[in-house]
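> sequence? don't have it. structure:
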Ligand SMILES: Cc1cc2nc3c(=O)[nH]c(=O)nc-3n(C[C@H](O)[C@H](O)[C@H](O)COP(=O)(O)OP(=O)(O)OC[C@H]3O[C@@H](n4cnc5c(N)ncnc54)[C@H](O)[C@@H]3O)c2cc1C
Ligand SMILES: NC(=O)c1ccc[n+]([C@@H]2O[C@H](COP(=O)([O-])OP(=O)(O)OC[C@H]3O[C@@H](n4cnc5c(N)ncnc54)[C@H](O)[C@@H]3O)[C@@H](O)[C@H]2O)c1
Ligand code: SF4
Ligand code: FES
């Protein structure tokens with residue numbers, strides 16, 4: 001007589017089949033397995049539906065287990081045949097097609113369904129959720145026939161659906177109930193930054209809107225809101241959350257709350273019946289992300305296979321929005337509470353926001369926008385519960401730098417990570433599986449690990465940790481192979497890209513991405529602006545700046561502030577102004593109710609708290625050039641009083657500063673550039689912590705380069721000493737052009753000089769002919785630049801970008 005027991009799985013989805021995979025590994029002959037699936041497809045990666053919709057992959061490519069896998073493992077499978085009844089007394093299930101299957105062990109893994117708002121008209125044609133392949137196909141078909149789409153819900157799913165529909169050529173409006181997007185995962189500043197970025201991609205938003213009715217005869221025609229406004233649409237995608245599928249369990253008499261209630265070993269209230277995945281509720285939580293569900297699956301598999309397990313204790317979760325061109329990460333408890341402390345940085349120039357939330361010295365939550373490189377490291381810190389007291393700032397400023405300072409380094413952290421820790425949540429890949437791929441299967445590149453284990457193949461959030469583990473296991477064997485591209489979209493580095501652009505005569509961002517085989521068709525927030533810069537630097541005479549490839553600040557030519565308002569900094573050459581100019585600034589500030597006027601550190605005036613729609617009017621009335629206070633460009637030329645008024649001054653620093661600033665006032669660069677000129681060695685303009693500082697010494701000028709006064713203070717190094725004013729100009733322009741042509745995008749001069757060495761730069765500039773050629777190339781570029789404020793004021797179409805969208809809320813003062 002066979003001792004093989006019967007195992008029935010209801011739900012052919014991600015959590016259920018992952019559990020079966022583990023059981024097959026742990027106890028290959030323990031069960032005779034039968035699987036019922038409501039969908040007609042083999043088990044597939046639901047996460048990747050967003051990518052299918054966006055055109056990044058195909059349905060065939062997201063299948064996890066082909067039909068042959070079921071056959072090879074002796075699994076009887078009933079696709080497209082949902083179980084409709086469980087007879088717990090007789091230990092039997094009955095399917096819609098009438099199949100009866102008895103069991104010794106039953107696993108419920110029925111997942112969730114999209115929550116469809118119970119609105120009048122919600123049953124009309126063209127109203128769908130986004131949950132499965134069928135929904136994906138419905139959206140793709142609709143895009144062939146119709147133009148307008150409305151997505152209700154600005155959470156992860158809604159935004160990924162909206163991005164996909166945009167890619168399919170539809171005009172997409174997202175209707176969101178809250179004041180900022182992804183409110184379940186992000187705080188206000190990150191939500192606002194995300195909105196701006198997505199608006200730039202062409203998405204429209206109606207915030208704080210409550211849908212009241214869906215109108216139309218048979219098919220949807222429009223949405224009516226509680227404020228009685230109407231939005232015409234041909235398709236409505238509801239993405240307002242999910243509900244666990246528990247009807248079957250309820251009918252069988254199981255204890256059910258939001259989900260099927262399970263204990264730490266995934267037992268339900270009836271012996272012999274377990275539940276796993278989104279349909280299960282553990283310690284009051286029904287999870288909606290795969291990482292915790294895979295952890296549950298492992299515990300259940302161990303129990304059913306008779307292996308030891310400590311049980312499931314609940315999970316901290318992390319999410320990453322899968323929209324190309326936008327980097328958003330959120331983990332743990334990101335909201336502030338009475339017993340938490342938080343620390344945050346907001347870099348409006350680079351469009352980066354980082355927040356860490358701490359409790360009792362431990363990191364319990366994080367939000368990252370614009371740069372999510374540290375997401376995986378922060379998440380592993382949250383999970384480890386390590387005490388980070390005293391290191392918070394250091395971690396916030398640079399976990400990715402390798403955990404310098406008193407805490408454990410990345411290398412130490414990788415070594416300490418337990419073997420069974422899941423590194424890739426989306427694909428359930430453990431540290432041990434990556435170790436196995438590197439040590440036993442010869443995988444010594446990220447690409448090889450990805451194909452072998454699927455780690456980093458879905459949202460990409462785990463990539464930094466997978467790379468660190470690769471280095472941990474492969475050591476020197478990694479060598480060249482782990483060479484990093486400028487971002488995750490390419491394996492080419494900066495120098496290779498610049499060389500290819502020149503060699504092949506590539507002229508647009510899209511062309512570079514196509515020809516060089518970008519992984520992400522739209523690129524991301526790192527590569528798009530850098531390609532935009534390289535193309536402009538290489539082809540100054542013909543390249544047209546691509547607005548969508550720039551950061552928000554540079555697109556609006558004003559610095560975005562914490563509360564969503566902007567700041568306006570007009571250029572004040574050398575920090576020298578006049579009564580007439582001051583009156584003009586004061587008049588504008590009064591007229592537009594500017595909440596604050598402040599002197600900047602660079603001797604200019606900053607009008608803070610300006611609403612976006614007022615920007616063009618303010619620029620027009622100021623009638624002053626843009627100070628580029630928002631851009632990767634020349635910022636200020638700070639000057640001291642100099643010999644005109646100061647009794648110590650030996651040279652005219654003001655005249656020299658103004659001369660340099662007038663020449664360079666529209667110069668864009670890989671990163672922001674600050675200059676200063678001091679009239680004697682007392683150096684009141686602090687020229688030796690600037691990107692380029694000119695200091696008068698008796699009868700000559702010294703040029704200091706590569707200084708920085710920001711987070712990492714660096715004293716500038718002496719480049720040269722020259723006699724005449726003309727030589728100051730020649731060396732300054734040649735040096736800056738050499739930096740423009742050779743630095744990586746977003747690399748300040750301090751970092752660049754540290755990387756290439758001052759001697760290299762001195763050598764490159766020692767030949768006069770070479771210097772003059774550099775000056776000539778800079779002049780060619782400068783000759784083509786226009787004042788961005790003036791350009792917008794004079795162009796009605798550009799001005800329109802500053803008008804707020806109907807229905808969106810103006811940012812708070
Ligand atoms: C578009 C999209 C993108 C997502 N992106 C991410 C992401 O980036 N990261 C992340 O962590 N999570 C993401 N998720 C969520 C993730 O896909 C789910 O958490 C996961 O699929 C849940 O697994 P599950 O097995 O519990 O349920 P499912 O994968 O939904 O599987 C349940 C299966 O059971 C079937 N079923 C239901 N009732 C019956 C029945 N009576 N008889 C037979 N079969 C039945 C269902 O048809 C379904 O096929 C995304 C979800 C969607 C829809
Ligand atoms: N990248 C990812 O990790 C990813 C991607 C897609 C889906 N998912 C998962 O899939 C599940 C479903 O995602 P979701 O975005 O639907 O759920 P969600 O709960 O994360 O977001 C729903 C959003 O809809 C909003 N909302 C609620 N009622 C509304 C109404 N009447 N009108 C307008 N807006 C309304 C809410 O404020 C919320 O922000 C979640 O578990 C999510 O974690 C994850
Ligand atoms: S640097 Fe010299 S010249 Fe300039 S203000 Fe100071 S003391 Fe005067
Ligand atoms: S965590 Fe999403 S791909 Fe690894």
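Thanks, I have it. The shown structure was predicted, so the numbers you read here are calculated from the model rather than taken from an experiment. Ligands and ions are numbered 1, 2, ... in the order given.
> going by neighbour count, which residues of stretch 175-193 are buried?
Residues of stretch 175-193 classed as buried: 175-176, 178, 180-183, 185-187, 189-193 (neighbour count, 16 or more other Cβ atoms under 10 Å). Quick note: C-beta positions are derived from backbone N, CA and C, even for glycine.
> quick check: the farthest pair among the residues you listed?
For the buried residues of stretch 175-193, the farthest-apart pair by Cβ to Cβ is 175 and 189; their separation is 22.2 Å.
> quick one: classify the residue in the stretch 651-800 of the chain positioned nearest to ligand 1 as helix, strand or coil.
Closest approach of the stretch 651-800 of the chain to ligand 1 (Cβ to the nearest ligand atom) occurs at residue 746, with a separation of 27.5 Å. The three-state label given to residue 746 by DSSP: H, G, I helix; E, B strand; the rest coil is coil.
> for it, the count of nearby residues, please.
Using other Cβ atoms under 10 Å, residue 746 has 17 other residues around it.
> with residue 757 instead?
By the measure other Cβ under 10 Å, the count of residues near residue 757 is 12.
> okay, helices next: where are they in the stretch 401-550 of the chain?
Using DSSP state H, counting those that start in this stretch, the helices of the stretch 401-550 of the chain run over residues 410-416, 431-440, 446-453, 463-474, 494-504, 509-515, 527-538.
> please identify the deepest-packed of the ones you listed.
helix 527-538 (a mean of 23; mean count of other Cβ atoms under 10 Å).
> now the angle between helix 494-504 and that helix, please.
50 degrees (axes from the mean of the first three to the mean of the last three Cα atoms, to 10 degrees).
> other SSEs contacting helix 527-538?
Identification of packing neighbours for helix 527-538 by 3 or more Cβ pairs under 8 Å, 6 or more residues apart in numbering; DSSP states H and E yields helix 494-504, helix 509-515.
> any residues touching the longest one, and which ones?
Where contact means Cβ atoms under 8 Å, 6 or more residues apart in numbering, the residues beyond helix 494-504 that reach it are 486, 490, 492, 506, 512, 515-516, 530-531, 534-535, 538, 744-745.
> report the two of the residues you listed separated the most.
Largest pairwise distance in those, by Cβ to Cβ, is 20.5 Å, between 515 and 744.
> how about the contacts made by the spatially most central residue of the chain?
Nearest to the mean C-alpha position of the chain, counting by Cα atoms, centre = their mean, stands residue 327 at 0.4 Å. Applying Cβ under 8 Å, 6+ apart to residue 327 gives the contacts 368, 369, 370, 371, 372, 524, 525, 526.
> looking at the protein, what residue ends up closest to ligand 1?
For the chain, Cβ to the nearest ligand atom, closest residue to ligand 1: residue 13, 1.8 Å.
> that residue and residue 206, how far apart?
33 Å (Cβ to Cβ, to the nearest Å).
> near ligand 4, which residues of the protein?
Counting by Cβ under 6 Å from any ligand atom, the positions of the chain adjacent to ligand 4 are 424, 425, 426, 427, 455, 456, 457, 458, 459, 460, 461, 462.
> cutoff 8 Å now
Residues of the chain lying close to ligand 4 by Cβ under 8 Å from any ligand atom are 47, 291, 320, 376, 423-427, 429, 454-463, 466.
> for the closest residue to residue 577 other than its chain neighbours, grab phi and psi.
Distances taken as Cβ to Cβ, 6 or more residues apart in numbering put residue 605 closest to residue 577, at 7.7 Å, once the chain neighbours are dropped. Backbone geometry at residue 605, expressed as degrees, to the nearest 10, gives phi -110, psi 130.
> okay, and the beta partners of residue 369?
Here residue 369 sits in beta bridges with residue 328, residue 353, as judged by DSSP bridges.
> so what pLDDT did the closest residue to ligand 4 within the stretch 151-300 of the chain get?
Residue nearest to ligand 4 within the stretch 151-300 of the chain (Cβ to the nearest ligand atom): residue 291, separated by 7.3 Å. pLDDT, residue 291: 91.
> pretty sure it contacts residue 429?
No. Residue 291 lies out of contact with residue 429 (Cβ atoms under 8 Å); the separation is 10.5 Å.
> quick one: common contacting residues for those two?
Jointly contacting residue 291 and residue 429 under the rule Cβ under 8 Å, 6+ apart are residue 422.
> in terms of packing, which of these two has more residues around it?
Using other Cβ under 10 Å as the criterion, residue 291 and residue 429 rank with residue 429 on top: 24 against 20.
> wait, that one touches residue 423, no?
Yes. Contact between residue 429 and residue 423 holds when scored by Cβ under 8 Å: they sit 5.7 Å apart.
> what sits in contact with each of the two?
Common neighbours of residue 429 and residue 423, using Cβ under 8 Å, 6+ apart, are 455, 462.
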